[in-house]
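[1] What follows is a predicted structure for the sequence shown.
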Amino acid sequence: MRYLIAIFLFAQAALYAQKTLAQVTNFDNSPYNMQNSQFNMENSPYNMRNSPYNMDNSQYNINSKNGVYDNAGNRIGYEVKAPSGVTNYFDNSGNRIGYTPSKR
């Protein structure tokens, strides 16, 4: 009986470890992947393409096509797609608040 319980617990632990390993090992979506990192110049707010001082990203540009809005219609930031395919999301001050990994 103890032998069967030990085998059952070992099998459960192996299944749990397999599921948790599968969630952690996807490096394509990880912020530690240099392609997604905020320290990559393509994703940095110090890059003029991503800067809030770029007229295309400015909250004062009423013709801006990359604005991000909340449900009430208030502009909360903007998005910029990097040449690598990563879409970066910035608040109106230019702070990077998120990203969507490349689909490539």
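    Sure, I can see it.

[2] ranges for the strands of the chain?
    For the chain, the strands defined by DSSP state E cover 67-69, 75-81, 87-91, 96-100.

[3] Buried residues, the last one. List them.
    What that stands for is strand 96-100. Within strand 96-100, the residues that qualify as buried are 96, 99, counting by 16 or more other Cβ atoms under 10 Å. Any C-beta I mention is one placed from the backbone N, CA and C, and that applies to glycine too.

[4] so it versus strand 87-91, what angle?
    Angle of strand 96-100 versus strand 87-91, following axes from the mean of the first three to the mean of the last three Cα atoms, to 10 degrees, is 160 degrees.

[5] Run the chain-centre distance for strand 96-100.
    5 Å (Cα atoms, centre = their mean, to the nearest Å).

[6] Run through who's touching it.
    31, 36, 38, 43-45, 50, 77, 86-91 (Cβ atoms under 8 Å, 6 or more residues apart in numbering).

[7] Mind listing the strands it pairs with, and their directions?
    strand 87-91 (antiparallel) (DSSP bridges).

[8] Nearest spatial neighbour of P31, chain-adjacent residues omitted?
    Nearest residue to P31, sequence neighbours excluded (Cβ to Cβ, 6 or more residues apart in numbering): S37, at 6.3 Å.

[9] what comes into contact with stretch 44-60?
    For stretch 44-60, contacts defined as Cβ under 8 Å, 6+ apart pick out 38, 41, 43, 61, 64-67, 75, 78, 80, 88, 90, 92-96.

[10] For the buried ones among those residues, write the corresponding ChimeraX selection.
    To isolate the buried ones among the contacts of stretch 44-60 in ChimeraX, judged by 16+ other Cβ under 10 Å, type:
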select :43,67,78,80,88,90,92,94,96
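
[11] Quick check: which ranges of this protein have low pLDDT?
    Counting by pLDDT under 70, the chain has low-confidence residues at 1-4, 6, 8-9, 15-25, 104.

[12] Show me the helices in it, by range?
    Counting by DSSP state H, one finds helices in the chain at the ranges 2-24.
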